[in-house]
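S.K.: Need the 3D shape of this:
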Amino acid sequence: MSLAHNRTVNIRVAYSSDLPEVFRIENACYQHPWPEILFRGHIGEDGFMVGEIDSAICGYIVIGIKIPTLLQRLEKRTRALAGQPVNLEEQVGHLMNVAVDPAFRGRGIAKALIKQGV
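M.R.: Presented below is the predicted three-dimensional model:
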């Protein structure tokens, strides 16, 4: 995605090697930052992504997806069998964390991360 300052942000899934830079940004952006262990728990998930400009991590996003419980899935299937309209594939997501390095703000990076996340 093209951004201001003639740079392109590349958004990709986060790797464990990204954590030091993600944690640096987290601490720069929040008075009460997430502990590093919370980020580690999201490594490997599609919803944990970083944005890069010229190979420098400029921001990140953590999106959570709520998986319906067994009881909720059974209830939906029962309603579907009864002929009621139901979206059996429905997933509910929520934005858990997003931050952009202060040096990269004002370029639409958070918007790009959120757009990619949803």
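S.K.: Excluding its own residues, what touches the host helix or strand of I114? List them.
M.R.: Per DSSP states H and E, I114 falls inside helix 109-117. With contacts defined as Cβ atoms under 8 Å, 6 or more residues apart in numbering, helix 109-117 is touched by 1, 3, 9, 11, 47, 49, 51, 53, 58-61, 63, 93, 95, 98-100. Heads up, the C-betas are built off the backbone N, CA and C, glycines and all.
S.K.: which of those are buried?
M.R.: Neighbour-count burial (16 or more other Cβ atoms under 10 Å) applied to the contacts of helix 109-117 gives 3, 9, 11, 47, 49, 51, 53, 58-61, 63, 98-100.
S.K.: Beyond the worst-scoring helix or strand of the chain on mean pLDDT, next helix or strand please.
M.R.: Taking mean pLDDT, DSSP states H and E as the measure, the chain has strand 2-3 as its least confident helix or strand, at a mean of 44. Next along the chain after strand 2-3, taking DSSP H and E as the criterion, comes strand 7-8.
S.K.: Pop out the phi and psi values for A14.
M.R.: For A14, the backbone dihedrals (degrees, to the nearest 10) come out as phi -80, psi 150.
S.K.: meant to ask about P102
M.R.: The phi and psi torsions at P102 (degrees, to the nearest 10) take the values phi -50, psi -30.
S.K.: give me the element the nearest residue to it once chain neighbours are set aside is part of.
M.R.: Excluding the flanking residues, the one nearest P102 by Cβ to Cβ, 6 or more residues apart in numbering is A28, at 5.8 Å. Using DSSP H and E, the element containing A28 is helix 19-29.
S.K.: for the strand ranked longest in the chain, packing partners?
M.R.: What stands out as the longest strand in the chain, according to DSSP state E, is strand 56-66. On a contact count with 3 or more Cβ pairs under 8 Å, 6 or more residues apart in numbering; DSSP states H and E, strand 56-66 meets helix 19-29, strand 48-53, strand 92-100, helix 109-117.
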